[in-house]
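K.L.:
fold the following, please.
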Amino acid sequence: MNLHHPLRKGPVALALATLLPWLPPALLGATSNAVSAATAHYSFAGLSLTTTEADLRERYPNSTFQSNHVFVSVSDAHDEISSVAVPWAGGSALLRIGFGREIGASSPRRFDYPRCGTVLDRLTADFGAPNEIVDYAEEQMQVRRHKWQAKAEALFLLCFVGDDHLYAEAISISPSLASAGGEASHRR
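P.N.:
Predicted structure coming up:
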């Protein structure tokens, strides 16, 4: 749960509780999430569009860096994150958080991913339900894309089906193209 969410405890939540005292507390929480989605600045595990390469170097000192991309070492790992790519000048404005850590040195290579529901529950607690869920096939794999859309930013959770379970592959956060006058869409 994001304890620093601007509407969890603050003037808007207090105003809603004062103006609508007959609403049950659980519904007030859902209302706060829905209201906050319009102005949300998305994040996951403290990583957001404002995260810089310098921030990553401080946060993951034992990891491998390639330009604006870090491959998170096991000793630096948290929240099941295996890689992070931050926006960079003259290039992508996308923050990409990858999941999936290689298991041993077997052949074929095997990876361990968190369950999609675990990551989805965390994002839903912070930002409410996704605005859109799309299922599609990509390279012979079933994929589910969850999308949260705010005025300034969009957040995507990409999950895939494997071994009869849905696993989280990545989270991406980008500036909302709709706020810049374009159509908001995202493909990896």
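K.L.:
would T118 count as being in a helix?
P.N.:
Yes. Secondary structure of T118 (DSSP: H, G, I helix; E, B strand; the rest coil): part of a helix.
K.L.:
so it makes contact with A168?
P.N.:
Yes. Under the criterion of CB atoms under 8 Å, T118 makes contact with A168 at 7.3 Å. Where you see a C-beta, it was placed from the backbone N, CA and C, and this is true even at glycine.
K.L.:
what's in contact with whichever helix or strand L155 is part of?
P.N.:
Using DSSP states H and E, L155 sits in strand 153-162. Identification of contacts with strand 153-162 by CB atoms under 8 Å, 6 or more residues apart in numbering yields 40-42, 49, 113, 116, 119-120, 123, 127, 130, 141-148, 166-177, 184, 186, 188.
K.L.:
how about that strand: buried residues?
P.N.:
153-160 (16 or more other CB atoms under 10 Å).
K.L.:
and T118 and A168? Which one has more around it.
P.N.:
A168 (26 against 11; other CB atoms under 10 Å).
K.L.:
so what's the more buried one bridging to?
P.N.:
C159 (DSSP bridges).
K.L.:
what does the pLDDT read for it?
P.N.:
On pLDDT, A168 comes in at 98.
K.L.:
how about W88?
P.N.:
So, for W88, pLDDT stands at 80.
K.L.:
what about it, neighbour count?
P.N.:
Applying other CB under 10 Å, I find that W88 has 14 neighbouring residues.
K.L.:
same question for S92.
P.N.:
Based on other CB under 10 Å, the number of other residues close to S92 is 13.
K.L.:
is it part of a helix or strand, or is it coil?
P.N.:
Per three-state DSSP, the local secondary structure of S92 is coil.
K.L.:
ranges for the strands of this structure?
P.N.:
43-44, 47-48, 64-66, 69-71, 81-85, 95-99, 101-102, 111-112, 132-138, 141-149, 153-162, 165-175 (DSSP state E).
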